[in-house]
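Engineer: Attaching a predicted model along with its sequence, questions to come.
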Amino acid sequence: MSRLDLIPAFSVDRVFIEPWRDHADTFFWIALMGFFVTTACGLVGTFLVWRRMALVGDAISHSILPGIVIAFFLAQTRATTPLFIGALVAAGLTVWCIEAIHHHSRIKPDAALGIVFSSFFAVGIILLTLFADSVDLDADCVLFGEIGFLPLEDPVVLGGLFLGPLPLVRMGAVLVGILLLLALVYRPLVLASFDPGLARILGFGPRGINFGLMAVLAITVVSAFESVGAILVVAMLIFPPATGSLLSDRMPVILAGNALVAAVSALGGLHLAIWLEASIAACMVCVAGAVFGLAWLLSPRRGLLRRRPPLSIPFSDPTATPTETTRPS
Amino acid sequence: MTTRPPANEPPPLEIHDLTVSYDRRPVLYGVDLEIPRGQLVGIIGPNGAGKSTLIKAVMGILPVSGGWVRIFGRPAARELRRVGYMPQRESVDWDFPVSVLDVVLMGRYGRLGWLRRPSRADRDAARSALDRVRMLPYAERQIGNLSGGQQQRVFLARALAQESDLYFMDEPFAGVDAVTEAAIIEILHELRSAGKTLLVVHHDLPTARKYFDMLVLLNMRVIAVGPTEQVFTYPLLQKTYGGRLTILSEVADAVGTSS
């Protein structure tokens, strides 16, 4: 077997036409799920990235494992509700432990985070082994997830209207919930992220906002979990907002840009996976990574290849009108 | 000049026996202060004296381990919305994707609450605050594209947009050019003349004497508080700064040149 045989041959027909001709239904739902997951994660991730908390998503996605295993064990069912509750409890406990260690010792937050999530994850793995006989939960599935194995046979019908398969409807609901929350408390959230001191004075308790953000993060991660798994969900939290932040200086544009990155990586990743016969979730993450790389190289204002001398700003004459505007219109 | 307060009005700021600790090590203890209305007050002391800690503790940003604070006669926590705050420039991330106008509008959020959107009046207030610090032409810029002095002006505009009666400012003159320093002090004097009360953390002794009506000399505890001409004296400054030679010669110069 030659080395070239490792990569399946590329054919436009097999990669781009056949899937939509013969399995349009399945692939539509998979692409849509990828889009939902990436957009939802990107919206939450935007605030994590700008609050320098990007790895908290990593921590939570790992530390919910014991919560899920215990919930499975106690409820003895694959139903989603107990799983959700177990994961949320574990996520809340994680955030609380990180804060407690950080505030009551000289350990800094990043080390506290590492201590907490790896311990939780280790406990989860032990529990998974202990309950292996009574829990129908696959470690690979938890770690890597697979969007291609989504159960699509469970339709949600509301008032006679077919909405879609259950996982899709659930993820869509999470996305809509995040959008609604953002529309409601966007301003206090930005204020608390930018200047927690002022937020506190003005009556927007930054700790409460932080806790709310963690709760939304936990719900998002748990919902994204079965599609992309514990490890790749981190990429979905960070890549889209990181890409947007290279391309724009406006928070609303960065937030909207998440949807664009999500659409490109969901569709691109799906076709890449069909070509390579590889994990769809991993391919979606690779495409998102490639999009970030392109933005990094080519961003019109801060791209590596477009680096211009910094803006010269009149220092002594603050009343002068700004002469150069390099913001892309 | 200074408008007369009603005789029975409680003082803007009253601090009693305030103690603050980091990691069980006290950094401020037994601070007693009463600041009358319409005063521009400088908080002076050496590095590590707890100047920033004092205003952060008063505003509840840092936890206090003892004592109490009243703002306009009521517990501080309930009146914080009446406080305008200008933090140190380094306390925020200037890469953050917000424009100059966005930042100044944040000064209005206290009166908007969680759900209301800024009205036209709020935007006008923000724009006129920007105009007052001569930063209106920069309203749409991302905040990272500004010089240090311009960033400080944006923070001042945000405090102005709060339209408060009591202001706390943490080193507003740190790292700004002479033009900006003059512009800022002019606005502070205008605010004081309009009956506002301002507490300003300041570390430059020679200018402290010129700028402020009242001084609080602080070094972990209050060494002295009173009208500038009464407390800006060699013995009190020596007591505040300990025996540090370089600073003491600076003090001697400052006291000497003006008497």
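Structural biologist: Sure thing, it's come through.

Engineer: count of neighbours near A:His23?
Structural biologist: Residues within reach of A:His23, counting by other CB atoms under 10 Å in any protein chain shown, total 12. In short, each C-beta sits where N, CA and C put it, glycine included.

Engineer: give me phi/psi at it?
Structural biologist: With angles defined as degrees, to the nearest 10, A:His23 shows backbone torsions of phi -130, psi 40.

Engineer: how close does it get to A:Leu270?
Structural biologist: The spacing between A:His23 and A:Leu270, counted by CB to CB, to the nearest Å, is 11 Å.

Engineer: Equivalent analysis for B:Asp131, please.
Structural biologist: B:Asp131 sits at a distance of 53 Å from A:Leu270 (criterion: CB to CB).

Engineer: Which one's more surrounded, the two?
Structural biologist: When B:Asp131 is set against A:Leu270 and neighbours are counted by other CB under 10 Å, the residue ahead is A:Leu270, at 24 against 14.

Engineer: The more buried one belongs to a strand?
Structural biologist: No: the assignment for A:Leu270 by DSSP: H, G, I helix; E, B strand; the rest coil gives helix, which leaves it out of any strand.

Engineer: How much space separates the closest residue to A:Glu153 other than its chain neighbours from B:Arg132?
Structural biologist: Beyond its immediate neighbours in the sequence, the residue positioned closest to A:Glu153 (CB to CB, 6 or more residues apart in numbering or on different chains) is A:Pro165, lying 7.2 Å away. Distance, A:Pro165 to B:Arg132, using CB to CB: 58 Å.

Engineer: Same check on B:Gln152?
Structural biologist: Distance check for B:Gln152 against B:Arg132: by CB to CB, it reads 14 Å.

Engineer: out of those two, which sits in the busier spot?
Structural biologist: For B:Gln152 and B:Arg132, the more surrounded residue by other CB under 10 Å is B:Gln152, and the numbers stand at 27 against 18.

Engineer: Look up the pLDDT of the more buried one for me, please.
Structural biologist: In the prediction, the pLDDT value recorded for B:Gln152 is 92.

Engineer: Surely it touches B:Val176?
Structural biologist: Yes: using CB atoms under 8 Å, B:Gln152 is in contact with B:Val176, at 5.2 Å.

Engineer: Find residues that contact each of the two.
Structural biologist: In terms of CB atoms under 8 Å, 6 or more residues apart in numbering or on different chains, B:Gln152 and B:Val176 are both contacted by the residues B:Ile184.

Engineer: In this model B:Leu215 seems to touch B:Val222, though I could be wrong.
Structural biologist: No: contact criterion CB under 8 Å: B:Val222 and B:Leu215 do not qualify, at 10.7 Å.

Engineer: what about the two, which has more around it?
Structural biologist: Set side by side, B:Val222 and B:Leu215 show more neighbours around B:Leu215, with 27 against 21, by other CB under 10 Å.

Engineer: so B:Gly66 bridges to which residues?
Structural biologist: Under DSSP bridges, the beta-bridge partners of B:Gly66 are B:Thr19.

Engineer: again with the one 4 residues further on
Structural biologist: On the basis of DSSP bridges, B:Arg70 takes part in beta bridges with B:Glu14, B:Pro75.

Engineer: The strand or helix carrying A:Ile178 - what's its average pLDDT?
Structural biologist: With secondary structure defined by DSSP states H and E, A:Ile178 is part of helix A:166-194. Over the span of helix A:166-194, the pLDDT mean works out to 93.
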